[in-house]
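Q: Build me a structure from this.
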Amino acid sequence: MNEDQLRESPLLTVRAADVAGIVVVAVEGEIDVDTADDVLDALRLGFEAGGPAVVADLTEVSFFGSTGISTLITAHELSEEHHTGFHVVAPQRAVKRPLQVTGVADVLALYDSIDEVLSALKPVPSE
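A: You can find the predicted model right below:
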């Protein structure tokens with residue numbers, strides 16, 4: 001998966017890239033009823049790529065409400081169908097707080113950075 005997979009509108013930019021064998025879908029802007037399908041389509045393509053995990057990088061998301069929550073729940077269900085890990089980078093309150101209040105944060109693997117996700121996904125060397 002190359003970073004040339006790009007969706008861009010006045011409200012949202014979605015880029016997907018392969019980072020150390022992991023599909024990272026970076027989202028910038030607003031996730032709402034008009035843009036959620038673009039995010040979900042990019043995540044779906046990530047799961048279909050067949051890698052070990054997909055990361056939704058929501059670091060640059062400025063608006064995240066119930067539609068965004070629903071999008072991540074659907075992505076989590078897709079990850080289970082594809083037997084692929086699903087991780088969400090959400091360091092800022094605009095995304096993290098709605099996930100915590102609704103209890104969705106208890107279901108998703110939340111991280112504060114891409115580096116944190118990649119460290120968590122590295123296999124532990126055996127002795």
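
Q: For K96, which residues are in contact?
A: Listed by Cβ atoms under 8 Å, 6 or more residues apart in numbering, the contact set of K96 reads A90, A105, L110. Every residue, glycine included, has its C-beta placed from N, CA and C.

Q: Tell me the helix or strand right after the host helix or strand of it.
A: Secondary structure assigned from DSSP states H and E places K96 in helix 93-102. Per DSSP H and E, helix 93-102 leads on to strand 109-111 as the next helix or strand towards the C-terminus.

Q: I'd like the mean pLDDT over that following strand, please.
A: Averaged across strand 109-111, pLDDT comes to 96.

Q: just to revisit the earlier point, looking at the contacts of K96, state which has the most neighbours.
A: Greatest neighbour count in the contacts of K96, by other Cβ atoms under 10 Å, goes to A90: 25 neighbours.

Q: Settle this for me: that one is touching L110, isn't it.
A: Yes: if you go by Cβ atoms under 8 Å, A90 and L110 touch, sitting 5.6 Å apart.

Q: what sits in contact with each of those two?
A: K96, L99.

Q: and the helix holding K96, what's its mean pLDDT?
A: On average, helix 93-102 scores 95.

Q: all helices of this protein, in order?
A: Along the chain, counting by DSSP state H, helices occupy 36-48, 66-82, 93-102, 114-121.

Q: so which of those gets nearest D57?
A: helix 114-121 (6.1 Å; Cβ to Cβ).

Q: Just list what the closest one packs against, helices and strands only.
A: strand 22-31, strand 53-64, strand 85-89, strand 109-111 (3 or more Cβ pairs under 8 Å, 6 or more residues apart in numbering; DSSP states H and E).
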